[in-house]
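1. coordinates for the following, if possible.
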Amino acid sequence: MLEQEKIRQYYNLKDEFAHSVFKNIQGAGFNESNHWGVAHLQSLIDDANAKGTVIMKPVLDNKSKHDRLKTALSLIERNKYLFNLPSAILHHVKINDHDSLVRDFRRGRDIKYNEENQLVDLNAKEALDLEKVTDRIWGQVKNIVEDYKKQEWKKLANVTADQNYLGVISKLLELGCEDNPIHEWISSQIGLFETEAKAAFEKLKSTTDVNRINILAVPQNRSAPLISALRDIEKASEQSDILFDNFSVIEMWITIKVVTEDIANLMTRFCQFWQCCQGFLEGTLQANLPRGWHNESVPHLSFSSSEVQEIQKQGRGIADLIANETNQFFSSMSTLPLTENINSSSQLLNVSAKKPSRRKSMLSNSTPTEIESYLSTGVRL
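-> Next up is the predicted model:
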């Protein structure tokens, strides 16, 4: 019993002591509302962190800049070829080195669009940085190449069948293009032939009308000094049959001859062009043309049946245009009214060289000045 009493007293004293200590701690501010006595300590820690941030911020910023610079230098080193590509492409354009331009442009496309080559050993941030940089660089390259292709398209619109049209078409196919350069060349040439044919026949008609008016305005005078002078030339040449006429008639026939020669040349050039066109329609000329990067230009190397029919229709249209205009011109000429001022377009003079007295009398009818004037303008056909 004595021992139990002592144990009970011990626990009572212990509880009283713990209670007394707890009361003293609470009195000293060690409670929940005062963050158990560490509020002041937390304030000191916060002040220390603030001062540490002020001191360490420049160091951290410099380290961040260093890391970004290191990453940028790494990207440049790994993609040095791509970074130098805009200047290289521009150089090729300036010196007209098409083969080198195609080579570097295709290699640049491989680098740009091959993700395995771009993102190897790169983390997510580096991959994003690389994508932004390469997009900007590739945009410059595309602008340079597009300007170069615009120049080639202009050349294609004017190059003819007797020039290096296949070379221009090949350049566009190698670089890649949305429109078909073969089809565009055929269409542009047909359009040019149509415009040129209409202009040529219009010139022929207007020239003939002008000369007809000039001829009708010239009075008929068989004893004119020009006739006498030209007869004298005929005798001197000792030729039995020479065709002479007044200057207006001669001028008309020379003009018509020049214009009709232009039309004949146009027809010859169109036949040459159509042979080339037929080669494209049959697929023979495309056999050796470039297929482009990863065969992107292959769809341009053939024509659909509807395209073939349309091109053939356009070709027949040019042939019909020339035939109809020619027929219309000669038909209109055959129906022109005759006047008493013009009985024929020429005079055939058969003058014998054995009659010098007649020659002398004819020349005596004109003054030397008149004879020289008409001789300087007379044309012998």
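
2. domain assignment for this protein?
-> 80-158, 181-377 (automatic domain parsing).

3. now the weakest link among these, please, by mean pLDDT.
-> When the domains of the chain are compared on average pLDDT, domain 181-377 comes out lowest at a mean of 72.

4. which residue ranges of the stretch 201-350 of the chain form helices?
-> Applying DSSP state H, counting those that start in this stretch to the stretch 201-350 of the chain gives helices spanning 225-237, 247-282, 305-334.

5. quick one: closest of the ones you listed to residue 86.
-> helix 247-282 (35.4 Å; CB to CB). In short, each C-beta sits where N, CA and C put it, glycine included.

6. buried stuff in the closest one?
-> For helix 247-282, burial by neighbour count (16 or more other CB atoms under 10 Å) applies to 248-252, 255-256, 259, 263, 266-267, 269-270, 273-274, 276-277, 280-281.

7. elements contacting that helix?
-> helix 181-216, helix 305-334 (3 or more CB pairs under 8 Å, 6 or more residues apart in numbering; DSSP states H and E).

8. most packed of the ones you listed?
-> Using mean count of other CB atoms under 10 Å, the stretch among the helices and strands packed on helix 247-282 with the greatest mean number of neighbours is helix 181-216 (a mean of 17).

9. elements contacting it?
-> helix 124-158, helix 165-175, helix 247-282, helix 305-334.

10. out of those helices, nearest to residue 199?
-> Between the helices and strands packed on helix 181-216, helix 247-282 lies closest to residue 199; by CB to CB that is 9.7 Å.

11. what angle sits between the closest one and helix 181-216?
-> Here helix 247-282 runs at 170 degrees with respect to helix 181-216, directions being taken by axes from the mean of the first three to the mean of the last three CA atoms, to 10 degrees.

12. and the angle from helix 247-282 to helix 165-175?
-> 40 degrees.

13. quick one: helix 247-282 to helix 305-334, angle?
-> Using the same axes, to 10 degrees: helix 247-282 against helix 305-334 is 170 degrees.

14. hang on, residue 178 is in a helix, isn't it?
-> No - checked against DSSP: H, G, I helix; E, B strand; the rest coil, residue 178 lies outside a helix; its state is coil.

15. on that earlier part again, could I get the helices and strands packed on helix 247-282 as CSV with distance to residue 167?
-> Shown next, in CSV, are the helices and strands packed on helix 247-282 (distance: least, CB to CB, whole Å):
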stretch, distance to residue 167
helix 181-216, 11
helix 305-334, 21
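
16. select, out of those helices, the one closest to residue 104.
-> Judging these by CB to CB, what sits closest to residue 104 is helix 181-216, at 21.4 Å.

17. returning to what we had before: redo the helices and strands packed on helix 181-216 as JSON lines? Include distance to residue 299.
-> Shown next, in JSON lines, are those (distance: least, CB to CB, whole Å):
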{"stretch": "helix 124-158", "distance to residue 299": "17"}
{"stretch": "helix 165-175", "distance to residue 299": "11"}
{"stretch": "helix 247-282", "distance to residue 299": "14"}
{"stretch": "helix 305-334", "distance to residue 299": "12"}
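
18. those helices: which one's closest to residue 288?
-> Per CB to CB, nearest to residue 288 of the helices and strands packed on helix 181-216: helix 165-175, 8.6 Å.

19. now the angle from the closest one to helix 124-158?
-> Using the same axes, to 10 degrees: helix 165-175 against helix 124-158 is 170 degrees.

20. pull out the buried residues from helix 165-175.
-> 165, 166, 168, 169, 170, 171, 172, 173, 174, 175.

21. distance of the first one relative to residue 304?
-> In this structure, residue 165 and residue 304 are separated by 22 Å, where distance is defined by CB to CB, to the nearest Å.

22. the second one now?
-> Shown here: residue 166 relative to residue 304, a distance of 22 Å by CB to CB.

23. repeat that for the fourth one.
-> In this structure, residue 169 and residue 304 are 18 Å apart, going by CB to CB.

24. cool, and the third one?
-> Computed with CB to CB, the distance linking residue 168 and residue 304 is 23 Å.

25. with the fifth one instead?
-> Applying CB to CB, the value for residue 170 to residue 304 is 22 Å.

26. next: the last one.
-> Distance of residue 175 to residue 304, computed by CB to CB: 24 Å.

27. over to residue 164: give its phi and psi.
-> With angles defined as degrees, to the nearest 10, residue 164 sits at phi -80, psi 60.

28. ok, residue 290 next?
-> phi -60, psi 150.

29. wait, doesn't it sit right on residue 298?
-> No - counting by CB atoms under 8 Å, residue 290 stays clear of residue 298, with 9.8 Å between them.

30. with neighbour numbers in mind, choose between those two.
-> A count of neighbours by other CB atoms under 10 Å puts residue 290 above the other of residue 290 and residue 298, at 19 against 14.

31. tell me the contacts of that one?
-> 170, 173, 174, 297 (CB atoms under 8 Å, 6 or more residues apart in numbering).

32. which residue, other than its chain neighbours, is closest to the last one?
-> Leaving aside its chain neighbours, residue 297 sits nearest to residue 173 (4.2 Å; criterion: CB to CB, 6 or more residues apart in numbering).

33. where's residue 324 relative to residue 88, distance?
-> Counting by CB to CB, the gap from residue 324 to residue 88 is 55 Å.

34. scratch that, residue 267
-> 47 Å.

35. just residue 328 next, same as before
-> 59 Å.

36. over to residue 143?
-> Taking CB to CB, one finds residue 143 at 14 Å from residue 88.

37. who has more neighbours out of the two?
-> residue 88 (19 against 12).

38. surely that one touches residue 104?
-> Yes - assessed by CB under 8 Å, residue 88 is found in contact with residue 104 at 5.4 Å.

39. next, the closest residue to residue 273 other than its chain neighbours: phi, psi?
-> Among residues not flanking residue 273 along the chain, residue 161 sits closest, at 4.1 Å (CB to CB, 6+ apart). Per-residue torsions, residue 161: phi -70, psi -20 (degrees, to the nearest 10).
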